[in-house]
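[1] Turn this into a structure:
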Amino acid sequence: MYSFTEENYLKAVYKLNERSSESVSTNAIAELLHTKAASVTDMLQKLSTKKLLKYEKYKGVSLTDKGKRIALDIVRKHRLWEVFLHEKLGFGWDEVHDMAEQLEHIQSELLVNKLDDFLGNPTHDPHGDPIPTRQGELKKSNLILLNTVKPGPIVIMLGVVDHSPVFLKHLDKLGITLGIEIEVLEVNDYDGSLHVQLNHKKQMDMSKDVARNILVSEKV
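    Residues are numbered from 1 along each chain as shown. Prediction:
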């Protein structure tokens with residue numbers, strides 16, 4: 001059994017490593033966890049001693065196989081609780097993250113597996129992120145960022161990069177949710193903003209900042 005703090009660090013390293021195959025820097029972890037770099041260094045050394053990650057000063061950090069298994073288990077619990085809170089208790093997709101942060105530390109494997117079965121073994125959470133299986137397998141995502149899509153093909157929104165409540169509430173105001181069909185009609189050469197059409201009806205302008213935080217797949 002590991003402390004909440006240790007689990008949070010392992011999850012943070014895993015999330016940062018998802019974005020890049022390179023070793024994760026101490027500063028990146030500190031920024032994600034809103035803590036000081038010196039505190040991060042102390043914890044990384046502790047986790048390295050427990051053989052949960054590989055840490056070399058000035059060279060970054062990566063998870064060991066054991067550390068990755070633990071991180072994936074935490075991610076699985078987090079995302080399953082998000083599904084439960086959203087689908088069964090009616091919380092908005094902008095509300096579930098912080099509550100799931102607390103629930104993800106529950107240790108009972110039996111409870112989590114029963115939760116998984118109760119929910120119908122979902123494959124994705126309310127933000128479109130894949131949920132690891134109970135065997136620790138995670139399906140790789142082939143999604144692309146909306147700001148990379150050229151005019152022409154219709155794409156379907158299947159995820160978000162930014163999980164912050166302020167961003168998710170902004171999408172709600174725009175009427176943009178998972179499963180919506182988006183057609184890029186025009187790309188502004190000056191600032192990279194898009195003029196799009198949603199579900200073959202509503203047209204709107206979308207900033208580059210919003211578009212680069214929306215994950216899509218081409219409609220087949």
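[2] Just the element for the nearest residue to residue 208 once chain neighbours are set aside, please.
    Spatially, and ignoring its direct neighbours in sequence, residue 208 is nearest to residue 192 (3.8 Å; C-beta to C-beta, 6 or more residues apart in numbering). Any C-beta I mention is one placed from the backbone N, CA and C, and that applies to glycine too. For residue 192, there is no host helix or strand (DSSP states H and E).
[3] center of the chain, which residue is that?
    The centre of the chain sits closest to residue 129, judged by C-alpha atoms, centre = their mean, with a distance of 5.6 Å.
[4] Now the nearest residue to it once chain neighbours are set aside. Its backbone dihedrals?
    In this structure, residue 129 finds its nearest non-sequential neighbour in residue 79, 6.0 Å apart by C-beta to C-beta, 6+ apart. Per-residue torsions, residue 79: phi -70, psi -30 (degrees, to the nearest 10).
[5] any idea how far residue 79 is from residue 122?
    Here residue 79 is placed at a distance of 8 Å from residue 122 (C-beta to C-beta, to the nearest Å).
[6] If you count surrounding residues, which of these two has more?
    Neighbours per residue (other C-beta atoms under 10 Å) separate residue 79 from residue 122, with residue 79 holding more: 23 against 16.
[7] dump the residue contacts of the residue nearest to residue 208.
    By C-beta atoms under 8 Å, 6 or more residues apart in numbering, the residues touching residue 192 are 147, 208, 211.
[8] Contacts only, for the residue nearest to residue 129.
    Per C-beta under 8 Å, 6+ apart, neighbours of residue 79: 100, 124, 125, 129, 131, 132.
[9] could the contacts of residue 192 be laid out in JSON lines, adding secondary structure, distance to residue 155 and neighbour count?
    Output for the contacts of residue 192, formatted as JSON lines (DSSP: H, G, I helix; E, B strand; the rest coil; distance: C-beta to C-beta, whole Å; neighbours: other C-beta atoms under 10 Å):
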{"residue": "147", "secondary structure": "helix", "distance to residue 155": "12", "neighbour count": "20"}
{"residue": "208", "secondary structure": "helix", "distance to residue 155": "16", "neighbour count": "15"}
{"residue": "211", "secondary structure": "helix", "distance to residue 155": "11", "neighbour count": "21"}
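[10] Surely residue 80 touches residue 132?
    No - Residue 80 is beyond contact range of residue 132, at 9.4 Å (criterion: C-beta atoms under 8 Å).
[11] Looking at these two, which one has more neighbours?
    residue 80 (24 against 21).
[12] Just after the strand or helix carrying the more buried one, pick out the following helix or strand.
    Following DSSP H and E, one finds residue 80 within helix 65-83. Following helix 65-83 in sequence order, the next helix or strand is helix 96-103 (DSSP H and E).
[13] quick revisit: could you give me the average pLDDT of the helix holding residue 80?
    Mean pLDDT, computed over helix 65-83, is 96.
[14] Now it - C-alpha only, CSV.
    Written as CSV, here are the backbone C-alpha positions of helix 65-83 (Å, rounded to 0.1, in the frame of the first residue of the first chain):
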residue,chain,number,x,y,z
ASP,A,65,7.1,-1.6,-14.9
LYS,A,66,5.9,-1.8,-11.3
GLY,A,67,5.3,1.9,-11.1
LYS,A,68,3.4,2.0,-14.3
ARG,A,69,1.1,-0.8,-13.2
ILE,A,70,0.2,1.1,-10.0
ALA,A,71,-0.3,4.3,-12.0
LEU,A,72,-2.6,2.6,-14.5
ASP,A,73,-4.6,1.1,-11.6
ILE,A,74,-5.1,4.6,-10.1
VAL,A,75,-6.1,6.0,-13.6
ARG,A,76,-8.6,3.2,-14.0
LYS,A,77,-10.2,3.9,-10.6
HIS,A,78,-10.3,7.6,-11.3
ARG,A,79,-12.0,7.3,-14.7
LEU,A,80,-14.5,4.7,-13.5
TRP,A,81,-15.5,6.9,-10.6
GLU,A,82,-15.9,9.8,-13.1
VAL,A,83,-18.3,7.6,-15.2
